[in-house]
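**Q** Make a model of this:
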Amino acid sequence: MGETKGSHSHIVEIPVEQENTENNVLTISSAIQQHPMMEISQSPGHFLLLKLWQRDEDLFARRITMKETRLDSIKQEIFQLCCIFFLFHGFFSTILFISSVNHAENEEHMKCRKWWIPSLLSIMTSMVVALLVQVKLYKYWKVACRLKREAGDNRALTRCTQELRMKGASFDLSKEPQINSKRMKSSSVEIKWKPVTWCCQYLVTVCLVVFAGLVFPTPKLFLCIL
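**A** Take a look at the predicted model:
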């Protein structure tokens, strides 16, 4: 009899999953050690600089918020003064019109001769309100200029902070936010176009003064012509 021998194959399983897990852990650990934030935390100088810049960013954010709130408040005050200005002229013109109706001839002559009195009262009141508006506008643009500077400083500081976070320990500690050149450039532009800038900034005051000049002869129209 022939004896048949079967060939038996043995399969050896290699624990690849465990090996891959260990490699992943080593890779992640190495990546964490090489991360810029980890380098910063291990460097006292870079860590302190990051904390100082983060504190400055928080202070900038608070000051910017306060100035924006102040600008909104000033705009409301200017709007209220303009409303008072036009309400006054509306009320004043109504009184003049009523007084010019149904009066005697001798009273008509006397009122016509004294038309400059209500006109003077109107122009003086208008100038007082316009002056108050001008003061508010001056404060508004002063705060707006400071807000613009602080926003620029904040952007420069944010760029430096982001660069520090990306570079880690390789960041140059002597580097500071550079904003002086930008300020000088903006200042030169403002000086060059100062008349145009002034007219744009104080356009509300100019309109109020022009309107007051136009309504100045209104009492004569009501008291002498109508």
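**Q** If you count contacts, what does the longest helix seen in the chain end up packed against?
**A** If you go by DSSP state H, the chain has its longest helix at helix 44-99. Helices and strands touching helix 44-99, by 3 or more CB pairs under 8 Å, 6 or more residues apart in numbering; DSSP states H and E, are helix 36-42, helix 116-167, helix 203-214, helix 218-220. The way it works is simple: take the backbone N, C-alpha and C, and place the C-beta from them, glycine included.
**Q** Quick one: mean pLDDT over that helix.
**A** Averaging pLDDT along helix 44-99 yields 91.
**Q** What's the local residue count around the closest residue in space to residue 177 that isn't next to it in sequence?
**A** Distance criterion CB to CB, 6 or more residues apart in numbering; nearest residue to residue 177, sequence neighbours excluded, is residue 156 at 3.9 Å. Around residue 156 there are 15 other residues, counting by other CB atoms under 10 Å.
**Q** Distance check, residue 156 against residue 79.
**A** Separation of residue 156 from residue 79 (CB to CB, to the nearest Å) stands at 34 Å.
**Q** ditto for residue 52
**A** Per CB to CB, residue 52 is found 41 Å from residue 79.
**Q** same thing with residue 122?
**A** According to CB to CB, residue 122 and residue 79 sit 22 Å apart.
**Q** do residue 126 as well
**A** In terms of CB to CB, residue 126 sits 17 Å off from residue 79.
**Q** Show me which of these two is the more surrounded one.
**A** residue 126 (21 against 13).
**Q** wait, the more buried one sits on residue 210?
**A** No - look at residue 126 against residue 210 with CB atoms under 8 Å: they stay out of range, at 10.4 Å.
**Q** immediately after the worst-scoring helix or strand of the chain on mean pLDDT, which helix or strand?
**A** When each helix and strand of the chain is scored by mean pLDDT, DSSP states H and E, helix 180-192 comes last, with a mean of 47. Downstream of helix 180-192, the next assigned helix or strand under DSSP states H and E is helix 194-201.
**Q** Next, the buried residues of that next one.
**A** Going by neighbour count (16 or more other CB atoms under 10 Å), nothing in helix 194-201 comes out as buried.
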